[in-house]
Structures are given as structure tokens and as C-alpha cells.
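**Student:** Pasting a predicted model and its sequence here:
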Amino acid sequence: MAANTEAKETGRGRSIRFGALGLLAASLAGAAWAQQKLELDKALPLDGPALVQPSGLAWDGKRLLMVCSVHDDDIFVVEPQGDKAAFKEAIHIRRPKDAIGMKLAWRGIAAGPDGALYLASEQATRILRVEKDGDAEWVGPSLLEAGAEKGLFAGGNSGIEGLAPLGKKKFLVAASREPRGLLDVDLSGKAPVITAWLTDRTTLPLPTGRRRPDFADLTEDGGKTWALCANSDAIAQVKWTGSDYAEGQYWTYAQVAEDPKYKYAGLRMGLARGLAMDARSIFIAVDNKGVGRQADANDKRPLLLVFKRPPGV
């Protein structure tokens with residue numbers, strides 16, 4: 001990949017700006033991986049006591065958990081029940097003192113190896129650690145400065161969008177789009193080490209000319225990290241090569257996103273905002289922004305798409 005990148009050393013570690021082939025070399029991406037389709041198992045409206053805009057999913061080993069960008073104080077549990085996915089409050093977050101009264105706008109949730117949950121705040125550009133009883137504290141500093149040094153977080157819709165644990169006190173955090181990027185957050189030493197990458201090009205297909213490369217969520221499962229690339233209607237493996245991040249196999253769900261049964265009227269951009277996996281399934285949460293589906297304009301509930309997990313994923 002050296003021929004396709006420009007690299008320079010910074011005080012935060014090795015920083016790489018990806019070249020003409022974008023996030024990944026073609027030998028690792030589209031040219032090597034055929035467009036494989038995820039097989040839909042169920043499409044379930046998210047049904048619960050409040051209007052939600054799903055913004056992150058996590059599987060904690062027993063439960064499917066969800067955060068929403070408009071509910072700053074709650075983590076929800078989602079349970080498929082017949083023809084719907086019922087959700088209810090699972091954990092009420094007791095904020096740290098410096099976050100009381102602040103708009104947090106959760107954009108990702110992950111289950112850590114220590115048993116705690118970790119949430120990504122778009123507004124604070126920080127990671128919050130939440131215990132099972134709801135006690136919460138910030139871990140590490142704001143990521144805004146490290147990301148801004150590489151041109152990330154530059155636009156109105158270019159904040160944090162997902163996180164995945166890479167080990168004890170280590171995380172991979174996604175910057176959403178325009179430009180998109182990745183931040184490696186290492187909190188295991190005496191001082192935090194944050195390394196940012198600009199990753200605004202991709203070999204994944206973009207269905208329309210208006211769409212730009214994006215990350216909508218990250219998840220880690222079985223030692224593999226996966227990115228939800230909503231504007232490509234796909235999930236893609238994100239791999240560490242030893243010197244930078246590269247994209248491995250990817251799977252598309254475009255055939256579902258474009259199906260009138262599941263499509264939302266008048267919304268063109270990729271709407272998927274949450275990604276999680278268990279042993280049998282891949283879960284993708286769709287934020288419909290309160291808009292009704294083409295097939296039923298009166299049904300304004302967001303969707304939980306449940307796909308069969310392919311062998312090898």
C-alpha cells in the first residue's frame with residue numbers, strides 16, 4: 001500500500017492520508033471481493049414508548065442495546081417480538097457533573113471487554129464509560145483537536161459516528177463524512193495517544209452521485225472490526241495492516257434499502273445508523289427521521305433490519 005499513500009510523522013504517531021485508491025488498496029477491496037449480498041431474515045419496525053432516532057447498536061453478549069441521538073439519558077434494550085422489535089429503557093445514565101445539562105447526541109455504543117458500555121458523544125466529541133448500574137464517566141480527552149488536525153469534524157454533519165473496542169482501554173472511533181476518517185484512541189498508558197486518519201475515498205460503490213463515502217457505525221466481533229457504510233448500503237471489514245487501516249471483504253444490503261417495502265418516502269441518503277452482530281445475525285438500525293415508508297405513509301417507525309450472518313463473517 002505504500003505506493004498509494006502519503007505518510008508523515010507527527011507527535012501523535014504515524015499519520016496517513018490515503019491516496020487515489022482511498023481507504024484501501026484495490027487488491028484488498030472491490031477488485032478482490034465480489035459484491036456479496038446480505039440475506040434479509042426480518043425487517044421489524046422499532047416499537048416502544050418514545051419516538052426514537054436510532055444512532056448506534058451493540059450486542060453485549062446477551063442483549064441487543066441501542067442508543068438514540070435524541071435520548072441522551074437512556075440506553076435501550078431491543079427485543080424482536082413477532083412482527084416488531086420492541087424497545088424499552090435498559091439503563092438510565094447518571095451523567096458526570098460536567099455533562100449535566102449538556103446536549104450529548106449519542107452516535108455509537110460498544111460493549112467493552114471490561115463489562116462496561118462505551119458511548120460516543122457527537123456534541124462532546126468524547127467517549128463516555130457507563131456501568132451496568134448507570135454510573136458514568138468520561139474516558140480520555142475530547143477527540144476534536146486530534147481529528148481537526150487531519151481535517152476531520154469540519155462540517156455540520158461530520159462528527160463522531162461509531163466506536164469499537166480494540167482491547168483494554170483502546171478504541172477505534174469513526175468520523176462520519178465530508179471528510180470521513182478514523183481515530184485510534186489508546187488510553188492504556190499514562191497519557192492518551194490519539195492518531196487520526198483521513199479516509200475519504202473508497203472503492204465501495206456509491207448508488208447515486210450525491211452520496212459521499214461515510215461511516216455510520218463500527219462494531220467489533222470475534223477480533224474483527226466492521227464498518228457500516230450507509231451511503232454505500234454496505235458493511236465492510238476494517239483491518240489493521242501493521243502500518244495503516246485497510247478494507248477487507250464487504251457485503252451489500254442495497255437490495256433491501258431500495259425495496260419499496262422498506263424505503264422511506266423522499267429520503268435519498270443512506271439511513272442506516274446502527275450495526276451489531278451476534279452468532280447468527282447482523283443487525284442494522286435505520287433512522288427514518290420521522291418519515292413514513294413508501295409502502296405505508298402512516299407508519300413512521302424506524303426499522304431494525306435483521307440479516308442472516310454469512311459464513312466467515
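**Tutor:** Received, thanks. Numbering: from 1, shown residues only.
**Student:** which residues of the stretch 51-200 of the chain fall in strands?
**Tutor:** Counting by DSSP state E, counting those that start in this stretch, the stretch 51-200 of the chain has strands at residues 54-59, 64-68, 71-81, 84-92, 106-111, 117-121, 126-130, 136-139, 160-167, 170-175, 181-186, 193-198.
**Student:** Mind putting those strands into JSON lines with distance to Asp217 and mean neighbour count?
**Tutor:** Every C-beta, even on glycine, is put in place using the N, C-alpha and C of the backbone. Formatted as JSON lines, those follow (distance: least, Cβ to Cβ, whole Å; neighbours: other Cβ atoms under 10 Å):
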{"stretch": "strand 54-59", "distance to Asp217": "6", "mean neighbour count": "26"}
{"stretch": "strand 64-68", "distance to Asp217": "10", "mean neighbour count": "27"}
{"stretch": "strand 71-81", "distance to Asp217": "14", "mean neighbour count": "18"}
{"stretch": "strand 84-92", "distance to Asp217": "17", "mean neighbour count": "18"}
{"stretch": "strand 106-111", "distance to Asp217": "6", "mean neighbour count": "26"}
{"stretch": "strand 117-121", "distance to Asp217": "9", "mean neighbour count": "25"}
{"stretch": "strand 126-130", "distance to Asp217": "15", "mean neighbour count": "21"}
{"stretch": "strand 136-139", "distance to Asp217": "19", "mean neighbour count": "17"}
{"stretch": "strand 160-167", "distance to Asp217": "4", "mean neighbour count": "23"}
{"stretch": "strand 170-175", "distance to Asp217": "7", "mean neighbour count": "25"}
{"stretch": "strand 181-186", "distance to Asp217": "13", "mean neighbour count": "22"}
{"stretch": "strand 193-198", "distance to Asp217": "17", "mean neighbour count": "20"}
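**Student:** closest one to Lys150 among the ones you listed?
**Tutor:** For Lys150, the closest of the strands of the stretch 51-200 of the chain is strand 193-198, at 4.3 Å, according to Cβ to Cβ.
**Student:** looking at it, Ile127 is touching Phe171, isn't it?
**Tutor:** Yes - with contact defined as Cβ atoms under 8 Å, Ile127 reaches Phe171; the gap is 6.5 Å.
**Student:** Need the overlap of contacts for these two.
**Tutor:** Tyr118, Leu163, Val185 (Cβ atoms under 8 Å, 6 or more residues apart in numbering).
**Student:** if we can go back for a sec, dump the strands of the stretch 51-200 of the chain to CSV, plus distance to Arg273.
**Tutor:** Converted to CSV, the strands of the stretch 51-200 of the chain look like this (distance: least, Cβ to Cβ, whole Å):
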stretch, distance to Arg273
strand 54-59, 5
strand 64-68, 9
strand 71-81, 13
strand 84-92, 14
strand 106-111, 8
strand 117-121, 12
strand 126-130, 18
strand 136-139, 22
strand 160-167, 8
strand 170-175, 12
strand 181-186, 18
strand 193-198, 22
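**Student:** could those be laid out in CSV, adding distance to Asn298 and mean pLDDT?
**Tutor:** Below are the strands of the stretch 51-200 of the chain laid out as CSV (distance: least, Cβ to Cβ, whole Å; pLDDT from 0 to 100):
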stretch, distance to Asn298, mean pLDDT
strand 54-59, 20, 97
strand 64-68, 22, 97
strand 71-81, 21, 96
strand 84-92, 15, 97
strand 106-111, 28, 97
strand 117-121, 33, 98
strand 126-130, 35, 98
strand 136-139, 37, 98
strand 160-167, 30, 96
strand 170-175, 34, 97
strand 181-186, 39, 96
strand 193-198, 43, 94
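**Student:** Ok, which of those comes nearest Val286?
**Tutor:** Proximity of the strands of the stretch 51-200 of the chain to Val286 was assessed by Cβ to Cβ; the nearest stretch is strand 54-59, lying at 7.1 Å.
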